[in-house]
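K.L.:
predicted model and sequence follow; I will ask about them next.
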Number of protein chains: 2
Amino acid sequence: MQSAEAKFNKNSLLLALRRYSTAVCEMEQTVLLPSLLRDVPSDDLWDSEAAEDTCRDLYDNYLMFKAIRSKVESGLIPLDDHKAKNNGALNKKLEPLLDKDPEALFRFHLKGLFTVMTDLTKKTQSVTEKYIDIIGVSK
Amino acid sequence: MQSAEAKFNKNSLLLALRRYSTAVCEMEQTVLLPSLLRDVPSDDLWDSEAAEDTCRDLYDNYLMFKAIRSKVESGLIPLDDHKAKNNGALNKKLEPLLDKDPEALFRFHLKGLFTVMTDLTKKTQSVTEKYIDIIGVSK
């Protein structure tokens, strides 16, 4: 039997999780003074409507990416997830699928997790690049 | 940096994926004559409405669990997923979350994948137990 992490491929979930960890690690190693990211708008990191809604500056993004990385690396499932209340309606829609078509639900979450990790990796890399721009170091 | 699979825990996604692989492996090793599962209803494996909808017997379940295991072990993301058309509406609802609250979306898919794998593991173990019942071997 091959273990779940034995194979790696460009479109592998485990590789996407690893890529994210690496991007956050690089961000941490580059951003030596995170406070320089305070009050720097994150408009081009997120679409403008979302940026307005969340009012996040680059410093907030920096903290969020680190927090998500901890969860990725622990691999732990947030069973008592108080923040997930917004997903209640979505979960209700998905519950019948668990019995009717668990294979579709498996693919849905596998692909969903891959997509969100790929997106977060790009945004983490953007924060690193923006920090380099701010401190004026030529790449 | 700790790698994504360095830590294992009861509620870890990677452990849930491993547990599923092991359950399918045990099912394969036990079910030496899969054809004996043909026409055996899978009513108590799924809720009655779902079983009626899908008309699956235990043999269909046996094949499905093996097919999902292959995907779990390859870890590959089905990017050209023609079967996922039913999830189109769900994905449309989730897309705005990717920019507004990627952390919530990450938790949603992480927990979703964990739940579906835990459920599939139990159902795979049920097929193994039912086969043992059919051939009349005492455990």
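P.N.:
Yep, it's here.

K.L.:
for chain A, give me the ranges with low pLDDT.
P.N.:
A:1-10, A:47-55, A:75, A:78-99, A:137-139 (pLDDT under 70).

K.L.:
any idea how far residue A:131 is from residue A:35?
P.N.:
11 Å (CB to CB, to the nearest Å). C-beta coordinates here come from the backbone N, C-alpha and C atoms, glycine included.

K.L.:
which one's more surrounded, these two?
P.N.:
Each of residue A:35 and residue A:131 has its neighbours counted (other CB atoms under 10 Å in any protein chain shown); residue A:131 has more, 21 against 9.

K.L.:
for chain A, which helix is longest?
P.N.:
Secondary structure of chain A per DSSP state H: the longest helix is helix A:102-135.

K.L.:
what helices or strands is that helix leaning on?
P.N.:
Judged by 3 or more CB pairs under 8 Å, 6 or more residues apart in numbering or on different chains; DSSP states H and E, the packing partners of helix A:102-135 are helix A:13-30, helix A:58-74, helix A:88-100, helix B:58-74, helix B:88-100, helix B:102-135.

K.L.:
dump the ones you listed to JSON lines, plus distance to residue A:125.
P.N.:
Shown next, in JSON lines, are the helices and strands packed on helix A:102-135 (distance: least, CB to CB, whole Å):
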{"stretch": "helix A:13-30", "distance to residue A:125": "5"}
{"stretch": "helix A:58-74", "distance to residue A:125": "10"}
{"stretch": "helix A:88-100", "distance to residue A:125": "29"}
{"stretch": "helix B:58-74", "distance to residue A:125": "27"}
{"stretch": "helix B:88-100", "distance to residue A:125": "16"}
{"stretch": "helix B:102-135", "distance to residue A:125": "14"}
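
K.L.:
of all those, which lies closest to residue A:107?
P.N.:
helix B:58-74 (7.6 Å; CB to CB).

K.L.:
would you mark the buried spots in that closest one?
P.N.:
By neighbour count on 16 or more other CB atoms under 10 Å in any protein chain shown, the buried set for helix B:58-74 is B:58-59, B:61-62, B:64-65, B:68-69, B:72-74.

K.L.:
near chain A, from the residues you listed?
P.N.:
Among the buried residues of helix B:58-74, the ones lying near chain A by CB under 8 Å from any CB of the partner chain are B:64, B:68, B:72-74.

K.L.:
out of these, who's nearest residue B:107?
P.N.:
residue B:72 (20.6 Å).

K.L.:
can you pull the contacts of that closest one?
P.N.:
A:4, B:17, B:20-21, B:117 (CB atoms under 8 Å, 6 or more residues apart in numbering or on different chains).

K.L.:
pretty sure residue A:69 sits against residue A:19.
P.N.:
No: look at residue A:69 against residue A:19 with CB atoms under 8 Å: they stay out of range, at 11.4 Å.

K.L.:
of the helices and strands packed on helix A:102-135, which approaches residue A:126 most closely?
P.N.:
Among the helices and strands packed on helix A:102-135, helix A:58-74 sits nearest to residue A:126 (CB to CB), with 8.7 Å.

K.L.:
now the angle from that closest one to helix A:13-30?
P.N.:
140 degrees (axes from the mean of the first three to the mean of the last three CA atoms, to 10 degrees).

K.L.:
that older thread, just send the contacts of residue B:72 back as TSV, with neighbour count and distance to residue B:111 too.
P.N.:
Below are the contacts of residue B:72 laid out as TSV (neighbours: other CB atoms under 10 Å in any protein chain shown; distance: CB to CB, whole Å):
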residue	neighbour count	distance to residue B:111
A:4	23	18
B:17	26	14
B:20	25	16
B:21	21	20
B:117	24	11
